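S.K.: Predicted model, plus sequence, below.
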Amino acid sequence: MTQIRAKLQHRLNPLHIYCRLRNLGLAHRTARVVSTCYEKIVYRLVLA
């Protein structure tokens, strides 16, 4: 079960989300805003 949690933490990490958004072609600022909002709204509630 800890391996599943570790993989989820990696995939759902805001920095990982930022990198994937950049790979999709989003501008630096847009990807940063989206990943910051994601971190504050979703990541901290789900994996805290």
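M.R.: Structure's in. What do you need? This one's a predicted model, so the numbers in the text were calculated from it and none came from an experiment.
S.K.: Find me the pLDDT at the residue nearest the centre of the chain, would you?
M.R.: Nearest to the mean C-alpha position of the chain, counting by C-alpha atoms, centre = their mean, stands residue 14 at 2.6 Å. Looking at residue 14, its pLDDT reads 92.
S.K.: Name the residues that touch stretch 21-32?
M.R.: 18, 34, 35 (C-beta atoms under 8 Å, 6 or more residues apart in numbering). C-beta: built from backbone N, CA, C; applies to glycine.
S.K.: and those residues as a markdown table, adding pLDDT?
M.R.: Converted to a markdown table, the contacts of stretch 21-32 look like this (pLDDT from 0 to 100):
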| residue | pLDDT |
| --- | --- |
| 18 | 96 |
| 34 | 97 |
| 35 | 96 |
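S.K.: The residues you listed into CSV, with extra columns for secondary structure?
M.R.: What follows is the contacts of stretch 21-32, written out as CSV (DSSP: H, G, I helix; E, B strand; the rest coil):
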residue, secondary structure
18, helix
34, helix
35, helix
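S.K.: Could you dump those residues into a markdown table with neighbour count and distance to residue 25 added?
M.R.: A markdown table is the format used below for the contacts of stretch 21-32 (neighbours: other C-beta atoms under 10 Å; distance: C-beta to C-beta, whole Å):
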| residue | neighbour count | distance to residue 25 |
| --- | --- | --- |
| 18 | 20 | 13 |
| 34 | 15 | 13 |
| 35 | 22 | 15 |
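S.K.: Next, give phi and psi for the residue nearest to the centre of the chain.
M.R.: phi -60, psi -30 (degrees, to the nearest 10).
S.K.: Would you mind measuring from it to residue 28?
M.R.: 15 Å (C-beta to C-beta, to the nearest Å).
S.K.: Show me what the helix or strand bottoming out on mean pLDDT in the chain is packed against.
M.R.: Ranking every helix and strand in the chain by mean pLDDT, DSSP states H and E puts helix 44-47 at the bottom, with a mean of 78. Helices and strands touching helix 44-47, by 3 or more C-beta pairs under 8 Å, 6 or more residues apart in numbering; DSSP states H and E: there are none.
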